[in-house]
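> 3D model of this:
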Amino acid sequence: MRHLLSLQRVATRAFNTTARQMKNNVPEKQKLFQEDNGLPIHIKGGTTDVLLYRLTMTLTIAGTGLSLYWLLVAAMPKGKSD
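Here you go, the predicted model:
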């Protein structure tokens, strides 16, 4: 039973807000994303957003191409094997 009580204390301490104060970064992010710099919203976050966007587009195009290829293969009639 003691172990359960000590676990409760540790869990409470981990979620205590007075132990660690966090800075609110929302106003800086709002300024960044509302800035009119001609960039689309999905790449305004910087290099990481650009890389994730390009990776997503590459995977999407490759997946679409493979899907179309296998759909074409499945639609072709099988040859007669005598």
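
> Only C-alpha atoms from now on, for both contacts and neighbour counts.
Fine.

> Show me the strands in this structure, by range?
Applying DSSP state E to the chain gives no strands.

> In it, which residue is most central in space?
Compute the mean C-alpha point of the chain, and by Cα atoms, centre = their mean the closest residue is residue 52, 8.0 Å away.

> What count of nearby residues applies to residue 58?
12 (other Cα atoms under 10 Å).

> Also residue 2?
When neighbours are counted by other Cα under 10 Å, residue 2 comes out with 7.

> State the pLDDT value of it.
We have a pLDDT of 73 for residue 2.

> Just the buried residues of the top helix by length along the chain, please?
Scanning the chain for the longest helix, with DSSP state H as the assignment, gives helix 47-75. When burial is assessed from 16 or more other Cα atoms under 10 Å, helix 47-75 yields no buried residues.

> For this protein, give me the ranges with low pLDDT.
Applying pLDDT under 70 to the chain flags residues 4, 10-20, 81-82.

> again, 90 this time
1-22, 29, 32, 35, 37-39, 41-46, 77-82 (pLDDT under 90).

> about what we covered before: could you pull up the contacting residues of the residue nearest to the centre of the chain?
By Cα atoms under 8 Å, 6 or more residues apart in numbering, the contact list for residue 52 is empty.

> Now do it against residue 22, distance only.
27 Å (Cα to Cα, to the nearest Å).

> do residue 76 as well
61 Å.

> Repeat that for residue 9.
22 Å.

> now swap in residue 64 and tell me
Distance from residue 64 to residue 22, by Cα to Cα: 43 Å.

> now do residue 51
28 Å.

> and if you look at residue 8?
Taking Cα to Cα, one finds residue 8 at 23 Å from residue 22.

> who's more crowded, the two?
residue 8 (12 against 8).

> quick one: that one from residue 1, how far?
11 Å.

> What of residue 21?
Taken as Cα to Cα, the span from residue 21 to residue 1 is 32 Å.

> Residue 23 now?
38 Å.

> Also residue 37?
With distances taken as Cα to Cα, residue 37 is found 60 Å from residue 1.
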